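[1] Give me coordinates for this.
(one chain, ligands or ions: 1)
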Amino acid sequence: MSIPPDPAHRAGAPTIGVLALQGDVREHVRMLEAVGAHAVAVRRPQELDRLDGLVVPGGESTTMWRLARSFDLLEPLRKRVGGGLPVYGSCAGMIMLADGILDGADGQETIGGLDMVVRRNAFGRQIDSFEAPVEIDGVPGEPLTAVFIRAPWVESVGGRARVLGRIAGAGGGPARIVAVRQDQLLATSFHPELTGDTRIHELFVKIVKGQA
Ligand SMILES: NC(=O)CC[C@H](N)C(=O)O
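    Here you go, the predicted structure:
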């Protein structure tokens, strides 16, 4: 079945979906609209067809995985990612894009596609939520103020995955990877949609348009 073009579609604006199973969907829709994309919430497999890009929001990755499975979205999502759909995953969304997870719930699966292993809830109890300045490759200007909420970090990347940003380790510990890109896939441990800073969404829209 083909879906008629959306009348709200602005000329030249890419249509970017926000996976709306769970998590902070509205905030991403707002940010995407602010940077000139046409943003739509998606929760059905056929809604993936008309997308130029997709955001997988933060939330809770175990719940998101379970819902994706019961809405029959996991396989269609994997197919679209495998076919080159640009996807940006934030926090739980980063977990959903990872090829491997540590400390996942029993049997927890991901969409995958990004050659990295992430550790869920990695930053530990005392600092469940915090903000830190992060410099991101490809994001000009001041370091971003990154908001971390029970965030994962990236243990390792392989293949064509490229580290875009790290934060200094707590108490002199090792720096931790918090932003990764592999071709048209982008992932951050943090939540840019919760700040007024649109630079990560701008970068993603450029990736969608083939300009970055
Ligand atoms: N803010 C978030 O998205 C947190 C992610 C969450 N801890 C998870 O494992 O899914």
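[2] and the most centrally placed residue in the chain, what is it in contact with?
    Centroid-nearest residue in the chain: Gly89, 0.8 Å away (criterion: C-alpha atoms, centre = their mean). By C-beta atoms under 8 Å, 6 or more residues apart in numbering, the residues touching Gly89 are 55-56, 95-97, 114, 185-188. Every C-beta, even on glycine, is put in place using the N, C-alpha and C of the backbone.
[3] Starting from the ligand, give me the distance back to Gly83.
    Taking C-beta to the nearest ligand atom, to the nearest Å as the criterion, Gly83 is separated from the ligand by 25 Å.
[4] no, scratch that, I was asking about Gln22
    10 Å.
[5] Quick check: closest non-adjacent residue to that residue.
    Leaving out its chain neighbours, the residue that sits closest to Gln22 by C-beta to C-beta, 6 or more residues apart in numbering is Gly59, at 4.6 Å.
[6] now do Met94
    Ala187 (3.9 Å).
[7] Arg166 too?
    Nearest residue to Arg166 in three dimensions, chain neighbours excluded: Ala175, at 4.2 Å (C-beta to C-beta, 6+ apart).
[8] The one you found and Gly165 touch, don't they?
    No. Taking contacts as C-beta atoms under 8 Å, Ala175 lies outside contact range of Gly165: 9.7 Å.
[9] coming back round to it: how about the residue nearest to Met94: which residues does it bridge to?
    Per DSSP bridges, the residues bridged to Ala187 are Gly89, Val180.
[10] heads up, I number from 36, so please use that
    In the new count, where the first residue is 36, that last one comes out as Ala222.
[11] can you tell me which residues contact it?
    So Ala222 contacts 123-125, 128-129, 132-133, 149, 151, 189, 214-216 (C-beta under 8 Å, 6+ apart).
[12] What are the contacting residues of the worst-scoring helix or strand of the chain on mean pLDDT?
    Of all helical and strand segments in the chain, the minimum by mean pLDDT, DSSP states H and E falls on strand 164-169, at a mean of 93. The set of residues external to strand 164-169 that reach it, using C-beta under 8 Å, 6+ apart, is 158, 178-185, 200-203, 213-214, 225.
[13] now, the most widely separated pair of those?
    Distances among those were taken as C-beta to C-beta; the most separated pair is Pro178 and Arg185, at 22.1 Å.
[14] Between the two, point out the one with more neighbours.
    Between Pro178 and Arg185, counted using other C-beta atoms under 10 Å, the more crowded position is Arg185 (17 against 13).
[15] Pull the number of nearby residues for Gly193.
    12.
[16] Tell me if I'm right that it and Asp150 touch.
    Yes. Counting by C-beta under 8 Å, Gly193 touches Asp150, with 4.5 Å between them.
[17] which ones are touching Met99?
    Shown in contact with Met99 (C-beta under 8 Å, 6+ apart): 54, 56-58, 91, 127, 131.
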